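**Q** sequence unknown, structure follows:
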């Protein structure tokens, strides 16, 4: 199992303006965890989650990107020592979330439930 946690505190310091504001898109807490299970010699599965606290869209701290939790999964099959087929599924619960913003009224909508099938070769 792998897990990562981050706690950030930021403050905008401006000699000509108000202080004590939080920089844009700086969530105080983020956390991710990923676990895999080897079913047998050639097949494995994984499950992971990513959490991000709410953050401000702008430096004026007047608009907020809401917090979110996203669940992901994976499965893989080793065809040989040098060839693997892997399926990754992102956003299992089809969570509507906004990972970042370009302006106060322009937030990026994250991808809905989606999957990617890859073939990985080693040589």
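**A** That came through, no problem. Keep in mind the model is a prediction, meaning the values are calculated, not measured.
**Q** contact partners of stretch 10-26?
**A** Contacts with stretch 10-26, where a contact means CB atoms under 8 Å, 6 or more residues apart in numbering, come from 8, 55, 56, 57, 58, 59, 60, 61, 65, 100, 101. The C-beta positions use only the backbone N, C-alpha and C, and glycine is treated the same way.
**Q** which ChimeraX command selects the buried ones in those residues?
**A** The following ChimeraX selection, which keeps only the buried ones among those, applies the criterion 16 or more other CB atoms under 10 Å:
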select :55,56,57,58,61,65,101
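**Q** next, give me the two most distant ones among the contacts of stretch 10-26.
**A** Across the contacts of stretch 10-26, the two members that end up farthest from each other (CB to CB) are 8 and 60, 19.1 Å apart.
**Q** neighbours of residue 73, just the number please.
**A** Neighbour count for residue 73, taken as other CB atoms under 10 Å: 14.
**Q** in what helix or strand does it lie?
**A** With the criterion set as DSSP states H and E, the secondary-structure element containing residue 73 is strand 68-80.
**Q** buried ones in that strand?
**A** Neighbour counts over strand 68-80 (16+ other CB under 10 Å) mark 68, 70, 71, 72, 74, 76, 78 as buried.
**Q** likewise stretch 102-114?
**A** For stretch 102-114, the neighbour count (16+ other CB under 10 Å) marks 107, 110 as buried.
**Q** any idea how far that stretch is from the middle of the chain?
**A** For stretch 102-114, the gap between its own C-alpha mean and the chain's C-alpha mean amounts to 13 Å (CA atoms, centre = their mean, to the nearest Å).
**Q** contact partners of that stretch?
**A** For stretch 102-114, the external contacting residues (CB under 8 Å, 6+ apart) are 57-58, 62-63, 65, 68, 70, 89-101.
**Q** show the subsequent helix or strand relative to the helix-or-strand element of the chain with minimal mean pLDDT.
**A** Comparing every helix and strand of the chain by mean pLDDT, DSSP states H and E singles out strand 100-103 as the least confident one, with a mean of 88. Along the chain past strand 100-103, the next helix or strand (assigned with DSSP H and E) turns out to be strand 106-108.
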